[in-house]
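Novice: Give me the fold of what follows.
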Amino acid sequence: GDFEKFIINDYYLIHHGPEKQPIKGAKGGVAIILSPDLHTQWTSRGKAKKIIRGGILAGETTRILSISMRFETQTNPNEKNKYHNLSLITIYFPHSGYKEKDI
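Specialist: Purely as a prediction, here's the structure:
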């Protein structure tokens with residue numbers, strides 16, 4: 001299923017997977033791991049962050065996960081704040097060793 005949790009050394013896992021693993025074919029899901037510093041940025045972004053999760057695809061599993069967040073930067077106190085966007089995307093695509101029905 002979809003979940004988020006801390007893993008070893010305060011790294012943060014964002015996971016997207018099927019609620020139930022298929023009996024045959026592909027298994028699992030996809031994940032993005034954030035460093036402790038990036039997780040701090042992630043939690044402080046409020047509405048300036050989002051998660052996009054792809055739906056169930058062929059093989060009855062999930063293969064797409066994307067997160068994005070907006071960073072505010074200030075180079076000079078007298079200037080208007082600037083913003084940078086960061087997007088992290090992971091996509092799983094089976095290799096040619098899979099049978100067509102499992103892709």
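
Novice: For this structure, just list every one of the helices.
Specialist: Secondary structure of the chain (DSSP state H): helices located at 36-44.

Novice: now the strands: where do they sit in this structure?
Specialist: With DSSP state E as the criterion, the chain has strands at 3-6, 12-16, 30-34, 49-53, 64-73, 82-91.

Novice: So which of those strands is nearest Gln41?
Specialist: strand 64-73 (6.5 Å; C-beta to C-beta). For glycine as for every other residue, the C-beta is placed from the backbone atoms N, C-alpha and C.

Novice: what's the angle between the closest one and strand 12-16?
Specialist: Comparing the axes of strand 64-73 and strand 12-16 via axes from the mean of the first three to the mean of the last three C-alpha atoms, to 10 degrees yields an angle of 140 degrees.

Novice: Show me which residues of strand 64-73 are buried.
Specialist: Ile64, Leu65, Ser66, Ile67, Met69 (16 or more other C-beta atoms under 10 Å).

Novice: And for stretch 5-17?
Specialist: For stretch 5-17, by 16+ other C-beta under 10 Å, it's Tyr12, Ile14, His15, His16, Gly17.

Novice: Could you dump these into TSV with distance to Arg53 added?
Specialist: Formatted as TSV, those follow (distance: C-beta to C-beta, whole Å):
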residue	distance to Arg53
Tyr12	16
Ile14	10
His15	10
His16	4
Gly17	9
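
Novice: As TSV, the residues you listed with pLDDT would be great.
Specialist: Putting the buried residues of stretch 5-17 into TSV (pLDDT from 0 to 100) gives the following:
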residue	pLDDT
Tyr12	95
Ile14	93
His15	90
His16	87
Gly17	81
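
Novice: How about the contacts made by Val30?
Specialist: His15, His16, Gly17, Thr62, Arg63, Ile64, Leu65, Thr90, Ile91, Tyr92 (C-beta atoms under 8 Å, 6 or more residues apart in numbering).

Novice: what separates it from Gln74, distance-wise?
Specialist: Relative to Gln74, Val30 is positioned 34 Å away (criterion: C-beta to C-beta, to the nearest Å).
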